[in-house]
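**Q** Just need the structure, nothing else, for what follows:
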Amino acid sequence: MSSKCKDKNISENERNLLPKANLTMSESYRLQVWEEAVGKLTDVKENEGYCLAMIGPVCVAFPRDLAAKLRGMQGKRIGILRADANDYRIRYAKEKGQN
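**A** From the prediction side, this is the model:
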């Protein structure tokens, strides 16, 4: 676990979602319907037919067709909402502390 995450008060379930050094399908998280991942997008990879995105401290799995769009957003703070089984809404999110 990164030192950035050690100071956070997170549950055991959340701790299990934190990735190791590499983006892998076995260490990724899949959003439930109406769940959103928000954070800085630092890495995007295609693996095993999925798109794996490092959003904040969590590796999240998405359908492969989102990879190209997400690559163009790397380095930005984003939010991705899963609105339906295969419907994802992507937005740029404000930096923490901005109004």
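**Q** Would you mind listing where this protein has pLDDT under the threshold?
**A** For the chain, the stretches with pLDDT under 70 are 1-26, 98-99.
**Q** where exactly do the strands run in the protein?
**A** Here the chain has its strands, by DSSP state E, at 29-30, 36-47, 50-55, 58-63, 77-84, 87-92.
**Q** Nearest to Arg71, out of those?
**A** For the strands of the chain, distance to Arg71 was read as Cβ to Cβ. The smallest value, 5.0 Å, belongs to strand 36-47. The C-beta positions use only the backbone N, C-alpha and C, and glycine is treated the same way.
**Q** Determine the set of other helices and strands touching that closest one.
**A** Judged by 3 or more Cβ pairs under 8 Å, 6 or more residues apart in numbering; DSSP states H and E, strand 36-47 is in contact with strand 50-55, strand 58-63, helix 67-71, strand 77-84.
**Q** Now that strand: buried residues?
**A** 37, 39-41, 44-45, 47 (16 or more other Cβ atoms under 10 Å).
**Q** again with stretch 57-70
**A** Within stretch 57-70, the residues that count as buried by 16+ other Cβ under 10 Å are 57-62, 66-67, 70.
**Q** tell me how far the ends of it are from each other?
**A** 16 Å (Cα to Cα, to the nearest Å).
**Q** who does the residue positioned nearest the centre of the chain bridge with?
**A** Nearest residue to the geometric centre of the chain (Cα atoms, centre = their mean): Ile55, 3.3 Å. Beta bridges link Ile55 to Leu41, Val58, judged by DSSP bridges.
**Q** Contact partners for it?
**A** By Cβ atoms under 8 Å, 6 or more residues apart in numbering, Ile55 lies in contact with 37-42, 78, 80.
**Q** Reformat the residues you listed as JSON lines; add distance to Gly97.
**A** Shown next, in JSON lines, are these (distance: Cβ to Cβ, whole Å):
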{"residue": "Ala37", "distance to Gly97": "20"}
{"residue": "Val38", "distance to Gly97": "14"}
{"residue": "Gly39", "distance to Gly97": "14"}
{"residue": "Lys40", "distance to Gly97": "14"}
{"residue": "Leu41", "distance to Gly97": "19"}
{"residue": "Thr42", "distance to Gly97": "19"}
{"residue": "Ile78", "distance to Gly97": "17"}
{"residue": "Ile80", "distance to Gly97": "21"}
